[in-house]
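Participant: return atomic coordinates for the entry below.
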Amino acid sequence: TRRNAIIIFMCIELMLNAVNLLLVAFSKMHHLQLAAMNATAGADGQLFVFFIMVVAAAEVSVGLAIIVMMYRNIHSVDVNFLNRLKH
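Facilitator: Got it, this is the predicted structure:
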């Protein structure tokens, strides 16, 4: 099978966005229960989402730089070719 680096990269981003959605939903669901005890308890999920977005932005810049350099050197974004570099 042919494995495209851009498709793999997009799938990783989709997984990070799924985690963000889960954290926001979890935070919203438990906000009413925790609001009586602590006024800032509902913001925990949003803070985690912010940190994940920062990590995702760094991952995008590094990942795209690697893909661009891979395309410039081997004129392909097929990751099966990278397995040949081990030997």
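Participant: Leu64 and Leu47: what is the separation?
Facilitator: 26 Å (Cβ to Cβ, to the nearest Å). Quick note: C-beta positions are derived from backbone N, CA and C, even for glycine.
Participant: got the buried residues for stretch 47-56?
Facilitator: By 16 or more other Cβ atoms under 10 Å, the buried positions in stretch 47-56 come out as 48-49, 56.
Participant: and what of stretch 69-87?
Facilitator: For stretch 69-87, by 16+ other Cβ under 10 Å, it's 70, 77, 79.
Participant: which strands and helices lie in contact with the host helix or strand of the first one?
Facilitator: Taking DSSP states H and E as the criterion, the element that holds Met70 is helix 44-74. Applying 3 or more Cβ pairs under 8 Å, 6 or more residues apart in numbering; DSSP states H and E, we find helix 44-74 packed against helix 5-35.
Participant: rerun at 10 Å
Facilitator: When contacts are defined as 3 or more Cβ pairs under 10 Å, 6 or more residues apart in numbering; DSSP states H and E, helix 44-74 packs onto helix 5-35, helix 80-83.
Participant: buried deepest among those helices, which one?
Facilitator: Burial of the helices and strands packed on helix 44-74 is given as mean neighbour count (mean count of other Cβ atoms under 10 Å); helix 5-35 ranks first at a mean of 13.
Participant: could you give the angle of that one to helix 44-74?
Facilitator: 170 degrees (axes from the mean of the first three to the mean of the last three Cα atoms, to 10 degrees).
Participant: helices and strands of the chain: which one has the lowest mean pLDDT?
Facilitator: helix 80-83 (a mean of 79; mean pLDDT, DSSP states H and E).
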